[in-house]
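Undergrad: Quick check, what structure comes out for this input:
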Amino acid sequence: MADCIRVPLLLLLMCILSFVHSIRGENNVIAKLAGNPENLPNPAGVLGPAAGNPGAIEKNQGAGASLSRRRSAGLKLAEEAVCREDLTRLCPKHSWNNNLAVLECLQDRKEETEIAAECNHLLWNYKLNLTTDPKFESVAVEVCKTTISEIKECAAEELGKGYLVSCLVDHRGNITDYQCNQYITKMTSIVFSDFRLICGFTDKCRDDINALHCGSISTGEKDIHSQGEVIACLEKGLVREAEEQPGAHAIKDDCKKAIMRVAELSSDDFHLDRYLYFACREDRERFCEHTLAGEGRVYKCLFNHKFEEAMSERCREALTTRQKLIAQDYKVSYSLAKACKSDLRKYRCSVDTNMPRAREARLSYLLLCLESAVHRGRVVSGECQGEMMDYRRMLMEDFSLSPEIVLHCRSEIEGHCSGLHRKGRTLHCLMRVGRGDEGAIEPNCQKALQTLIQEADPGADYRIDRALNEACESVIQTACKHIRNGDPMILSCLMEHLYTEKMVEDCEQRLLELQYFIARDWKLDPILYKKCQGDASRLCHTHGWNETSEMMPPGAIFSCLYRHAYRSVEQGRRLSRDCKVEVQRILHQRALDVKLDPELQRRCMTDLGKWCSEKTEAGQELECLQDHLEDLVSDCRDVVGNLTELESEDIQIEALLMRACEPVIQAYCHEVADNQIDTGDLMECLVQNKHQKEMNEKCAVGVTHFQLIQIKDFRFSYKFKTACKEDVLKLYITICTFTPVTMRNDTLQDAKDQRVSLKCRKQLRVEEVEMSEDIRLEPELYDSCKQDINRLCQNVAFGNAQVIECLKENKRQLTQRCHQRIFKLQEVEMVDPELDYQLMRVCKHMIRRFCTESEGKNVLQCLKQNKNSELMDPKCKQMITKRQITQNTDFRLNPVLRKACKADIPKFCQSILNKATADSELEGQVISCLKLKYADQRLSPDCEDQIRVILQESALDYRLDPQLQIHCTQEISRLCPEEAAAQEQTGQVEECLKVNLLKIKQEGCKKVNGNEYPQYKNSIKLY
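TA: Numbering: from 1, shown residues only. Coordinates of the predicted model:
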């Protein structure tokens, strides 16, 4: 066996080798060798195990003896009796005089039984004797003289031992001499078609062949012509072992190397893979008729048609086995190994390939290494990138080519994805399971999927993902036609159109399935990686594209980037402008689906199930988490809070809201929307224009939701946080959860008592005005009045302060708790009318007409003074009257009266004050008390002036007299219905009651209108 230590690679190749090329037109040396028997080398014994296998020579002693007896006279296969019948029946006559042509014809029969066993044995002995004679090598020296001198490794080989031809085969990719190339190709394809002819192969794989029941190594037990099936059986056994299938046999390492080397040496021409050649011969004619043999072209053509309906199952199975071998060793693909040879060397991707199944030999390692070079901006040849794309697409189409997927996702495939093998459907089904859309997934399966996505890198070119490509073709043609085909921005474009009318359901599902995994590794978005790799290295301590770190896993790097995206200049360590743009793009995408935010999904899995299981529409899950912020577990609350805080600075992250609000933005907010640095301006603009005609329901709901979220934590209002951060830290450092509402009481103090900075007070003013529009933005008020709202205002919309107005109008029917809150609200609004949303909205134009020079706190007083102007808008006049009615119910709701009568009220009405509570009306008792003193002319001049105005106004409109309202409502309805129904009140009701004084039955009403209150008569006479 010493001579077999350096197994000629040529011999190893031919475990399954056969002929491929037509012999017509071959060079003179080959023709001479094939057609002239005198030139055949004399037998010099049998190499290796073939020599030690008597059955290999003695099966048909007649044929063997005939061959030996006539060796000196030469052998012509066409003249041998044992083959004459097969030759006449199967081979064209013009080939009979050429032994190589006869071999080509007889060996390539589809069915083994077509050739008699005696003829098969004769052919085998012919080839065996041909390979064992030194003259075979001498022919190579003659034909390949120039080539040998050019290839140093081959020139150094010792002659006479068969190593020279082995070396030439190993370097045949570098052979440029036509005659030498043809000779090597012809002789390997014709002669070495039986693995038993390969020195050492039988010894290396004997036990595995028998253990796997792949056939016999003896010709007495198995027809020689079926040896391609033996190799195919070994290859399948190798695949089963790699996938760790139950019961898989562990093939010996030496046999593994021999199998992989055979596969590698048969990679350029599919004729050399005998099993695949016979399995796919008809499919080759059907799909690849015009594809030239050689350089792996036929393999690639068949791979591209593997999932066609017309592809035979046997061929599909053979192709899959070959692809699995390529996945274990990229050199099994001739075209890939050749195209990427120099790039692999340049970027040191093949450091140690002594072991064919070593890490560096795996297809996945090659792809990751070269993809890393591409993503770092290095130059990889176009030919190599084309090959890489073919095999990346191959991995995405057929999950079974990834042993890790087969091994770790077996239960998921059986449970959820059976019957979906073709065109990447199984892989996308597994992605769907990985998203959590169809039950749980094992961590190892999730990891295998993530690894496969990185290897295939579909983010760089969506066409690699066939399932996605087919599902989204129509969307791409309509929504993304302006982007170059294959550009990475196609995926981003599809995400921008997610949940729009241009998106189709199948595309939406495939897109979300893929984006789920891309979102978990920042490197898988090529644009993000390109723009941010420098920032990530500088700020997040990242490594190379295909390297990971336990300290900074891929999922954590994006979190690191966006934490630096919104840092101020003073804070330093900011992202570059280009990187920040990409980070914002990713944040916009993640806002579309909580599952695209890995950290959010991981930390909030339990809360999503607990609080938001019924929120299935786009964007609802995050809104639900924000609504339940106080109920969330701390980890989830933190991540939701951080995301909400980020949104407050850049609301454009909320892509769905931005789409809904597009009309309003274009009409009123386009300037701030175009500003890359938002800082809360856009949301402020949307709030200010919340009730414009361009505002649609979706936008209004979204804006209100954001307002509701802002009141939960001061950090959620970017402008408030920026303006008031120092005040919060100084004044409220012990408060765990601080809101703008907390600070309001401080701002209502007198100027000398103010503790809040002017900058903060100004921003708080903006917040308060915005909050006055919706009762839900006043949490304490809303919680106190929920029951009353459901009972009295259930059909009233929340916007425009309509619910608040409804509660005010039904004040007498409110529960005590709600009534108290409404009174406090009115007290604030009367002090600061700009917080009275309805008043400011209804009277907006009248304020501009009459009160442009008035301070905000004097707006209502100004409107009252101009109430009876002919230019006054009727709706505004009605609103002013409502506020006057409210003011007259309690002196505390009339700031002007309260100030003017500051000394008079405790002096004359202390008994009433003693009975008063801080949060309920006195129903006009103090004002009635002051009216009595007014008649006695005992009031101070300022107070007297204010009471006079009240008396004059109430004389014209009975509704401005609370006591009259309380005691005479029924009598007015009975005695004065027409007067009360008049739209314009000019004292008719009061006159009616006086005329019908004797008819009044209720004592309280009599007292108000009768002689017990003569001062009322006197006051009325003032008009």
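
Undergrad: Could you use CA atoms for every contact and neighbour count after this?
TA: Noted.

Undergrad: Check the burial of Tyr178 by counting its neighbours.
TA: 11 (other Cα atoms under 10 Å).

Undergrad: do Lys152 as well
TA: 10.

Undergrad: Please apply the same query to the one 5 residues further on.
TA: With neighbours defined by other Cα under 10 Å, the count for Glu157 comes to 16.

Undergrad: ok now stretch 485-492, how far from the chain's centre?
TA: 14 Å (Cα atoms, centre = their mean, to the nearest Å).

Undergrad: got the end-to-end distance for it?
TA: End-to-end distance for stretch 485-492, by Cα to Cα, to the nearest Å: 13 Å.

Undergrad: who touches that stretch?
TA: If you take Cα atoms under 8 Å, 6 or more residues apart in numbering as the criterion, stretch 485-492 is touched by Gly459, Ala460, Asp461, Tyr462, Arg463, Ile476, Cys480, Ile483, Pro526, Ile527.

Undergrad: Stretch 393-403 too?
TA: 242-243, 320, 323-324, 327, 405-406, 421-427, 452-453, 456, 463-467.

Undergrad: Just the closest of the contacts of stretch 485-492 to Arg286, please.
TA: Arg463 (25.2 Å; Cα to Cα).

Undergrad: Confirm for me that that closest one is in contact with Asn469.
TA: Yes: with contact defined as Cα atoms under 8 Å, Arg463 reaches Asn469; the gap is 5.5 Å.

Undergrad: so what secondary structure elements neighbour the host helix or strand of Lys864?
TA: Lys864 belongs to helix 859-865 when assigned by DSSP states H and E. With contacts defined as 3 or more Cα pairs under 8 Å, 6 or more residues apart in numbering; DSSP states H and E, helix 859-865 has these neighbours: helix 844-850, helix 874-888.

Undergrad: returning to that earlier point: comparing Arg463 and Asn469, which shows the higher neighbour count?
TA: Arg463 (21 against 18).

Undergrad: where does the more buried one sit relative to Arg425, distance-wise?
TA: The value you get for Arg463 to Arg425, if Cα to Cα is used, is 15 Å.

Undergrad: Pull the number of nearby residues for Ser911.
TA: 11.

Undergrad: and the residue nearest to Ile947 when sequence neighbours are not counted, what pLDDT?
TA: Once flanking residues are discounted, Ile947 sits nearest to Lys931: 6.5 Å by Cα to Cα, 6 or more residues apart in numbering. As predicted, Lys931 sits at a pLDDT of 89.

Undergrad: how near is Lys931 to Cys843?
TA: Separation of Lys931 from Cys843 (Cα to Cα): 30 Å.

Undergrad: Which stretches in the stretch 151-300 of the chain count as strands?
TA: Shown for the stretch 151-300 of the chain, no strands are assigned by DSSP state E, counting those that start in this stretch.

Undergrad: where does it dip in pLDDT?
TA: 160-163, 166, 170, 186-200, 215-227 (pLDDT under 70).

Undergrad: Tell me if Glu923 really is in a helix.
TA: No: assessed with DSSP: H, G, I helix; E, B strand; the rest coil, Glu923 is coil; it does not lie in a helix.

Undergrad: ok, it touching Gln963?
TA: Yes: between Glu923 and Gln963 there is a contact under Cα under 8 Å: 7.0 Å.

Undergrad: what number of residues lie near Gly434?
TA: Neighbours around Gly434, by other Cα under 10 Å: 24.

Undergrad: picking that back up, how far off centre is the helix holding Lys864?
TA: For helix 859-865, the distance to the chain centre is 57 Å (Cα atoms, centre = their mean).

Undergrad: mean confidence score for it?
TA: Here the average pLDDT along helix 859-865 is 94.

Undergrad: now do stretch 316-332
TA: Mean pLDDT, stretch 316-332: 93.

Undergrad: And for stretch 106-116?
TA: Per-residue scores along stretch 106-116 average to 62.

Undergrad: so how far is the first residue of that stretch from its last?
TA: 10 Å.

Undergrad: Can I get stretch 90-99 in PDB, CA atoms only?
TA: Taking C-alpha atoms only, stretch 90-99 is exported to PDB below (Å, rounded to 0.1, in the frame of the first residue of the first chain):
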ATOM      1  CA  LEU A  90     -26.700   0.600 -28.900                       C
ATOM      2  CA  CYS A  91     -23.900   2.300 -30.600                       C
ATOM      3  CA  PRO A  92     -23.700   4.100 -34.000                       C
ATOM      4  CA  LYS A  93     -21.500   2.400 -36.500                       C
ATOM      5  CA  HIS A  94     -19.100   5.300 -37.000                       C
ATOM      6  CA  SER A  95     -17.900   4.800 -33.400                       C
ATOM      7  CA  TRP A  96     -16.900   1.200 -33.600                       C
ATOM      8  CA  ASN A  97     -13.300   1.800 -34.600                       C
ATOM      9  CA  ASN A  98     -12.600   4.000 -31.600                       C
ATOM     10  CA  ASN A  99     -12.300   2.300 -28.200                       C
END
